[in-house]
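Asker: give me coordinates for this.
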Amino acid sequence: MENKGTSTLNNGLIWFGAGVSIAEILTGTYLAPLGFEKGLAAILLGHLIGCTMLFFAGLIGGMKRLSAMETVKLSFGGKGCLLFAVLNVLQLVGWTAIMIYDGALAANSIYGTGAWIWCLVIGGLIIVWILIGLKNLGKLNTVAMGLLFILTLILGKVIFSGHGGSVLVSEEGMSFGAAVELSVAMPLSWLPLISDYTREAKKPFQATLASTLVYGVVSCFMYIIGMGAALFTGTYDIAVIMVKAGLGAAGLFIIVLSTVTTTFLDAFSAGVSSTVISGAVKEKWAAIAVTVIGTIAAIVYPMDNITNFLYLIGSVFAPMIAIQIADTFIFAGNEPGGHAGMSIWRLLRKSNTPSLAAECLTLKNDFRTVRFHVPNLVIWACGFVLYRILMHVDTPVGNTLPDMAATIGICLVYHAVSSAAGSKKVNKAEPESV
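Answerer: Sure thing, here's the model as predicted:
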């Protein structure tokens, strides 16, 4: 199994494809009202926050050799994870539809055969990617990502060269904190997916680090392209920019291939999460079903503004990963309460050997044996409500970081109280045993 695992290079290429996305370019256009300097700062800060969480999420699954939703069982119980698995499948169906919709609209702007036809073309290519399979995509991904890399550099040059200054700056459109949150949102949306790929890696730590760094850099670049398109060309339509720049066929290639490589991850992970909901489900066929549903939805429903969708994802998965990080990287395994414990230096030292690295993430009490771990579910609910409240509060670092900090704080309080209660029970029991 370990010999057939995916290489660090292949994992990096997979997440390069995830980062090159029309949806990320379009999200970048929303930051244009801040101006280039503030917008760039928001993009960098947001991705730093989001990609840090993405790294820890991928590391847990990679070292434990578990899919993303299987890792959720560690903190929320064997049945408690079903809430997140269902929500994850729903958000991935939504992402599949949104990506196909955006890609089809952009492709149709370059070669107008009808958006619905492009929906079918893109959906069909995603199914081809799924049938090829994750472990067999190595050479194909290398060629595809190489071409995408060259073409996105050309696109960036077209946008930023020959323009003296921005044509659209308005402080009224968006606050800095809101811009940071939109920049956090994209990495955050991949949290419930990344372990589906790092679990297969030969070297989980290196693969997770490479995946996170590659995705973070490429995603930032896509945001900057979108923001630059709005600021320096006066248009929010990336397809129009490609046509004006003479990138007709090349632009069409960028749009279609980037949509396929990104949406493949959404559909594939929806299939993986479906197996957590029901063991009778087959990953590949569930992924194909999600692609078909997403294609139909993209044809039938308009999906032009995804900001509320991004905020909903943040409110669900930010407190979830906060609890997982607290359980895995903060609490000592030899303390009462059954939480995970590990030392980072031990993990780094053993990261080349997955079986040894997994020992660093061994739980004293594995909550997969419990149907519902109620305390963590209650803490998650508090984090969810707090995130929705913070959406109406303008902070310089957005909503996600304060929400995660508060959620981890609640975990610390619960852990301290439960540990103290456990100690009292032990002390009371000692005289009786004498």
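Asker: got any ranges where this protein has weak pLDDT?
Answerer: Low-confidence segments of the chain (pLDDT under 70): 1-4, 134-139, 141, 162-173, 235-236, 241-247, 332-366, 422-434.
Asker: in contact with the spatially most central residue of it, which residues?
Answerer: Using Cα atoms, centre = their mean, the residue of the chain that lies closest to the mean C-alpha position is Trp190, 1.0 Å off. By Cβ atoms under 8 Å, 6 or more residues apart in numbering, the contact list for Trp190 reads Ala18, Leu54, Tyr215, Leu265. In this view, the C-beta of every residue, glycine as well, is placed from N, C-alpha and C.
Asker: can those residues go into TSV with extra columns for distance to Ile126?
Answerer: Output for these, formatted as TSV (distance: Cβ to Cβ, whole Å):
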residue	distance to Ile126
Ala18	13
Leu54	22
Tyr215	19
Leu265	10
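Asker: buried subset of these?
Answerer: Buried by 16 or more other Cβ atoms under 10 Å: Ala18, Leu54, Tyr215, Leu265, out of the contacts of Trp190.
Asker: after the one helix or strand Phe268 maps to, next one along is what?
Answerer: In the assignment (DSSP states H and E), Phe268 maps to helix 248-277. Where DSSP H and E defines the elements, the next helix or strand beyond helix 248-277 is helix 283-300.
Asker: so who does His373 touch?
Answerer: Under the contact definition (Cβ under 8 Å, 6+ apart), the residues listed for His373 are Ser75, Phe76, Gly77, Gly80, Phe367.
Asker: next one: the nearest residue to Ser7 once chain neighbours are set aside from Phe176, what distance?
Answerer: Leaving aside its sequence neighbours, Ser7 sits nearest to Lys202 (Cβ to Cβ, 6 or more residues apart in numbering; 6.1 Å). Separation of Lys202 from Phe176 (Cβ to Cβ, to the nearest Å): 41 Å.
Asker: with Val72 instead?
Answerer: 32 Å.
Asker: the two: who's more crowded?
Answerer: More crowded of Val72 and Phe176, by other Cβ atoms under 10 Å: Val72, with 32 against 20.
Asker: just confirm the more buried one contacts Ala85, I think it does.
Answerer: Yes. Counting by Cβ atoms under 8 Å, Val72 does reach Ala85; the two are 7.3 Å apart.
Asker: still on that earlier bit, roughly how far is the helix holding Phe268 from the heart of the chain?
Answerer: 13 Å (Cα atoms, centre = their mean, to the nearest Å).
Asker: and the angle from it to helix 283-300?
Answerer: Interaxial angle of helix 248-277 relative to helix 283-300 (axes from the mean of the first three to the mean of the last three Cα atoms, to 10 degrees): 130 degrees.
Asker: buried set for helix 248-277?
Answerer: Neighbour-count burial for helix 248-277 [16+ other Cβ under 10 Å]: 250-277.
Asker: for the contacts of Trp190, which one is nearest Gln91?
Answerer: Gln91 lies nearest to Leu265 out of the contacts of Trp190, by Cβ to Cβ, at 12.8 Å.
Asker: surely that closest one touches Ala18?
Answerer: Yes. Using Cβ under 8 Å, Leu265 makes contact with Ala18 at a distance of 5.4 Å.
Asker: rewinding a little: mark which of the contacts of His373 are part of helices, please.
Answerer: Ser75, Phe76 (DSSP state H).
Asker: can you pick the most crowded of the contacts of His373?
Answerer: Ranked by neighbours (other Cβ under 10 Å), these are led by Ser75, which has 30 neighbours.
Asker: list the residues that contact that one.
Answerer: Listed by Cβ under 8 Å, 6+ apart, the contact set of Ser75 reads Ile323, Gln324, Asp327, Phe367, His373, Asn376.
Asker: ramachandran angles for the third one?
Answerer: Note on Asp327: its backbone torsions stand at phi -60, psi -40 [degrees, to the nearest 10].
Asker: run a quick neighbour tally on it.
Answerer: 24.
Asker: didn't it look like it was pressed against Leu74?
Answerer: Yes. In this structure Asp327 lies within contact range of Leu74 using Cβ under 8 Å: 6.8 Å.
Asker: looking at the contacts of His373, spot the one nearest Cys411.
Answerer: Distances from Cys411 to those, taken by Cβ to Cβ, are shortest for Ser75, at 9.6 Å.
Asker: what about that closest one, distance to Leu26?
Answerer: The value you get for Ser75 to Leu26, if Cβ to Cβ is used, is 34 Å.
Asker: same question, Ile110
Answerer: From Ile110 to Leu26 the distance is 16 Å (Cβ to Cβ).
Asker: which one's more surrounded, those two?
Answerer: Taking other Cβ under 10 Å, Ile110 and Leu26 do not tie; Leu26 has more neighbours (24 against 21).
Asker: the more buried one reaches Ile238, doesn't it?
Answerer: Yes. Counting by Cβ under 8 Å, Leu26 touches Ile238, with 7.3 Å between them.
Asker: Ile150: neighbouring residues, count only.
Answerer: Every residue meeting other Cβ under 10 Å relative to Ile150 is counted, giving 12.
Asker: what do you get for Val370?
Answerer: 16.
Asker: any idea how far it lies from Val276?
Answerer: Distance from Val370 to Val276, by Cβ to Cβ: 16 Å.
Asker: one more: Gly133?
Answerer: Taking Cβ to Cβ, one finds Gly133 at 20 Å from Val276.
Asker: tally of neighbours for Leu44?
Answerer: 16.
Asker: do the same with Thr113
Answerer: Thr113 has 10 nearby residues by other Cβ under 10 Å.
Asker: same question for the one 5 residues further on.
Answerer: The criterion is other Cβ under 10 Å. On that basis, Trp118 has 28 neighbouring residues.
Asker: for the residue nearest to it when sequence neighbours are not counted, what are its contacts?
Answerer: The shortest distance from Trp118 to any non-neighbouring residue, by Cβ to Cβ, 6+ apart, is to Ala104 (3.7 Å). Ala104 makes contacts with Ala115, Trp116, Trp118, Cys119, Ile122, Ala298, as judged by Cβ under 8 Å, 6+ apart.
Asker: can you add secondary structure and give these back as JSON lines?
Answerer: JSON lines is the format used below for those (DSSP: H, G, I helix; E, B strand; the rest coil):
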{"residue": "Ala115", "secondary structure": "helix"}
{"residue": "Trp116", "secondary structure": "helix"}
{"residue": "Trp118", "secondary structure": "helix"}
{"residue": "Cys119", "secondary structure": "helix"}
{"residue": "Ile122", "secondary structure": "helix"}
{"residue": "Ala298", "secondary structure": "helix"}
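Asker: brilliant, that's me finished.
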